[in-house]
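>>> Quick one: sequence and predicted model below, then my questions.
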Amino acid sequence: MTTLAWRSEFELKQARMDRTHVEFVELLEAVETATPGAAANAALGALLEHTVAHFEQEEQWMGQLGFAAENCHAMQHQSVLQVLREVVRRHGLQADEALVRALVTALAEWFPVHATMMDAALAMTMAERGFDAETGTLAEPLPAGAAAITGCGGGSCG
C-alpha cells in the first residue's frame, strides 16, 4: 500500500486543479515505489518537474485573482520546492533512500492538509469570482483599488 492514495475529499470541483493534484499523488507514488538508483532519480525528477509547473500554475491563478505576490499559500509552495530540490540534489550525489522515504512521508502528510485548506480556499475564490482555469478568464475582476489577498484566500488563514 502506498503512503498517499487519491481520495474523493481531495476533489475541489476545479477540473484542471483536480487533474494536477491526481498527477501529483501518482508521481509521489512512483517515487515511493521506484527501485533505488536510476529509477528513483527519474521518479524524483518527474515529481520535481511536475511540482514546479503545478505551483507556478496555482500562483498564476492567484495573481489573476488579486492575491498579493507574497501570500501564505505561495510561501508554502516555495518551502516545499526548496525541500524537494534539496532532496533531488542530495539523492543525485549519493543515493539516500532513507531521505527519499522521509520526503515521501512528509509530502504524504503535507498534501491532504494543503489541498483541503489552501487549495480549497483558492478553488472557492475561483468559483466565487467566476474564474475559468482553462481559459484564464475572470467573470468578476477586482474593483480598482481593492486590497490584495495576503492570506490563502480563506477565512481561516491570516
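Noted; the coordinates are in hand. Residues are numbered from 1 along each chain as shown.
>>> how near is the nearest residue to Gly66 once chain neighbours are set aside to Thr51?
Once flanking residues are discounted, Gly66 sits nearest to Leu142: 4.2 Å by Cβ to Cβ, 6 or more residues apart in numbering. The way it works is simple: take the backbone N, C-alpha and C, and place the C-beta from them, glycine included. In this structure, Leu142 and Thr51 are 28 Å apart, going by Cβ to Cβ, to the nearest Å.
>>> Distance-wise, check Met126 relative to Glu134.
Distance of Met126 to Glu134, given as Cβ to Cβ: 11 Å.
>>> any idea of the mean pLDDT in the lengthiest helix in the chain?
Longest helix in the chain, counting residues (DSSP state H): helix 38-65. What helix 38-65 shows for mean pLDDT is 95.
>>> Give me the contacts around the helix or strand that that helix is followed by.
Per DSSP states H and E, helix 38-65 leads on to helix 72-93 as the next helix or strand towards the C-terminus. The contact list for helix 72-93 (Cβ atoms under 8 Å, 6 or more residues apart in numbering) reads 40-41, 44-45, 47-48, 51-52, 55, 58-59, 62, 67, 96, 99-100, 103, 106-107, 110, 114, 118-119, 121-122, 150-153, 157-158.
>>> Please indicate which of those are buried?
40-41, 44, 47-48, 51, 55, 58-59, 62, 67, 96, 100, 103, 107, 114, 118-119, 121-122, 151-153 (16 or more other Cβ atoms under 10 Å).
>>> distance of His21 from Ser79?
Distance, His21 to Ser79, using Cβ to Cβ: 18 Å.
>>> of Met126 and Glu134, who's got more company?
Applying other Cβ atoms under 10 Å to Met126 and Glu134 shows that Met126 carries more neighbours, namely 23 against 8.
>>> residue contacts, the spatially most central residue of the chain?
By Cα atoms, centre = their mean, the mean C-alpha position of the chain lies nearest to Phe55, the distance being 5.2 Å. Applying Cβ under 8 Å, 6+ apart, we find Phe55 in contact with Ala74, His77, Val80, Leu81.
>>> Of those, which is the most crowded?
The residue in the contacts of Phe55 with the most neighbours, by other Cβ under 10 Å, is His77 (21 neighbours).
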